[in-house]
Structure formats: structure tokens, C-alpha cells
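J.: Give me coordinates for this.
(chains A and B)
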Amino acid sequence: KAGVTQTPRYLIKTRGQQVTLSCSPISGHRSVSWYQQTPGQGLQFLFEYFSETQRNKGNFPGRFSGRQFSNSRSEMNVSTLELGDSALYLCASSMGQTNTGELFFGEGSRLTVL
Amino acid sequence: GDSVTQMEGPVTLSEEAFLTINCTYTATGYPSLFWYVQYPGEGLQLLLKATKADDKGSNKGFEATYRKETTSFHLEKGSVQVSDSAVYFCALSEGTNAGKSTFGDGTTLTVKP
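T.: Numbering: from 1, shown residues only, chains lettered A, B, ... in the order given. Okay, the predicted model is just below:
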């Protein structure tokens, strides 16, 4: 069974640009969550999508957005990049319902903003 | 809101030493509790879990018991190996909604031969 796949793995952008990250969940998983990981803040929850609807949202500015497609693949977008957006962005998938809460993570997309 | 507090690191041990990483939580309901491990350059992977009070999760020699009375889920291993060197995260999720899990800050473990 293929795991969670994130693309791209590494990317470098400059301030003011925008970026789109992609996540393909494990087959059959309907929930996709996004987390930002930084050395100073640890793992911060961005948002979760379930059946193409945003089900939960963390405390991030509106520059961070996401969506989910009918095949459960998800994208997140960050507009007007700031230096502080440099981080490892982790995607995680889960069944979404009737499960015990286990998340399956991808390897992450490492974003560097210059 | 929910929160998870885990022992600050880094932790450095010699091979075959005993490991304990403390984790306490605050939650409004009856959460499921998890330990995830992150090896260098990789995403997180589930190490073990417990879904109700007094449950013991175990995997690869690691154990943790869900203690509702002390709101704790401490990770233990009797004899660590160099290959256990990684970052360990304690986490919780409420009900069936795993998507919005709450994580501790992570504890870096280094095991020296």
C-alpha cells in the first residue's frame, strides 16, 4: 500500500511569491491534514480536509489556504511568502471517521523563503 | 483547548540504558494518545497508541500507559539502541477526528555506542 506522497520535497522561494504544495493520501483515506514544523514552534496544525470540505482550521493567517479534490488529494497554498514561512510542511492522512486517531505522515515539503 | 507537554530535550543516553520521556496532557474529553517518532529527514511515523484509560501501547520495545488520573502518557524503553536516535513526539486526538491532533514540542534522543 503506497504511503502519503508529498511534492515537491524541497523548494526555494523569495519573499512575496506564492507556493503550492501537493499531497496524495493513502488510498481509501478521506481526511488530509496539514502541519507546519519549525524548530521554534514545533508542529502547528494548519487545517484538515475531509470529503473536499475544510473540517478544522488552525490559527494561521488567511495567506495559508488549502483544498481537497474528489480523489482526496490535497493542495495547500501560501501567498505573499514571508521569511517566517520557512518550514517543513507535513501532510498527514487518516480514515477520517470511525478510527482511533492515527495519522499517517508524508516526508514533508521543505520550504525555504529567501 | 487541548495541549501536550513533554519533557524537554535533548536526551543523551548510552546504548542499553533505560529511557523515559515524560508526557502530560490537557484535554476536554477522552482523547486517544500517541507517540510518534521522526527519524532524520523523514516525516513522523506512529510508534504506539492507547485509546482509553489504563491501556498500554507497545511497539519495538517501547511502552506507554494511558494514565487518566495523572493525565500522563510517559514513554519508556528498557534498553535503547543507537538506532533509536530520533525525535519523539507525544500527541493526542479527540474522538474520531484524528485530523486535528495536538502535538508536544518533541524530544530529541541521541543514543551513543
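
J.: doesn't B:Ala53 make contact with B:Thr65?
T.: No - counting by CB atoms under 8 Å, B:Thr65 stays clear of B:Ala53, with 9.4 Å between them. (Each C-beta comes from the backbone N, C-alpha and C, glycine too.)

J.: Point to the helix or strand of chain B where mean pLDDT is at its lowest.
T.: The helix or strand of chain B with the lowest confidence, counting by mean pLDDT, DSSP states H and E, is strand B:102-103 at a mean of 91.

J.: Neighbouring strands - and their directions - for the very next helix or strand once past that strand?
T.: Along the chain past strand B:102-103, the next helix or strand (assigned with DSSP states H and E) turns out to be strand B:107-112. Strand pairing for strand B:107-112, using DSSP bridges, gives strand B:11-14 (parallel), strand B:86-93 (antiparallel).

J.: With distance to A:Tyr89 and mean neighbour count as new columns, can those be given to me in CSV?
T.: Output for the strands paired with strand B:107-112, formatted as CSV (distance: least, CB to CB, whole Å; neighbours: other CB atoms under 10 Å in any protein chain shown):
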stretch, distance to A:Tyr89, mean neighbour count
strand B:11-14, 27, 14
strand B:86-93, 16, 24
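
J.: Between B:Thr65 and B:Ala53, point out the one with more neighbours.
T.: Legend: neighbour count by other CB atoms under 10 Å in any protein chain shown for B:Thr65 and B:Ala53, higher for B:Thr65 (17 against 12).

J.: Return the backbone torsion pair for the closest residue to that one other than its chain neighbours.
T.: Excluding the flanking residues, the one nearest B:Thr65 by CB to CB, 6 or more residues apart in numbering or on different chains is B:Lys56, at 4.7 Å. Dihedral pair for B:Lys56: phi -120, psi 120, per degrees, to the nearest 10.

J.: Tell me how many other residues crowd B:Lys56.
T.: Per other CB under 10 Å, the neighbour tally for B:Lys56 reads 10.

J.: isn't A:Gln44 right next to A:Trp34, touching?
T.: No - here A:Gln44 does not reach A:Trp34: they are 9.7 Å apart, not a contact under CB under 8 Å.

J.: Give me the more crowded residue out of the two.
T.: A count of neighbours by other CB under 10 Å puts A:Trp34 above the other of A:Gln44 and A:Trp34, at 26 against 15.

J.: I figured that one was touching A:Asn77, is that so?
T.: No - distance between A:Trp34 and A:Asn77: 10.6 Å, which falls outside the contact criterion (CB under 8 Å).

J.: Give the residues shared as contacts by these two.
T.: Counting by CB atoms under 8 Å, 6 or more residues apart in numbering or on different chains, the contacts common to A:Trp34 and A:Asn77 are A:Gly66.

J.: Flag every residue of chain B that's near chain A.
T.: Residues of chain B found near chain A (CB under 8 Å from any CB of the partner chain) are B:31-32, B:34, B:36, B:41-46, B:49, B:51, B:89, B:92-93, B:95-106.

J.: Which of the residues you listed are buried, as a PyMOL select command?
T.: If you want just the buried ones from the residues of chain B next to chain A in PyMOL, going by 16 or more other CB atoms under 10 Å in any protein chain shown, the selection is:
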select buried, chain B and resi 31+32+34+36+43+44+46+49+51+89+92+93+96+97+98+99+100+101+102+103+104+105+106
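
J.: so where is chain B shaky, pLDDT-wise?
T.: For chain B, the stretches with pLDDT under 70 are B:95-98.
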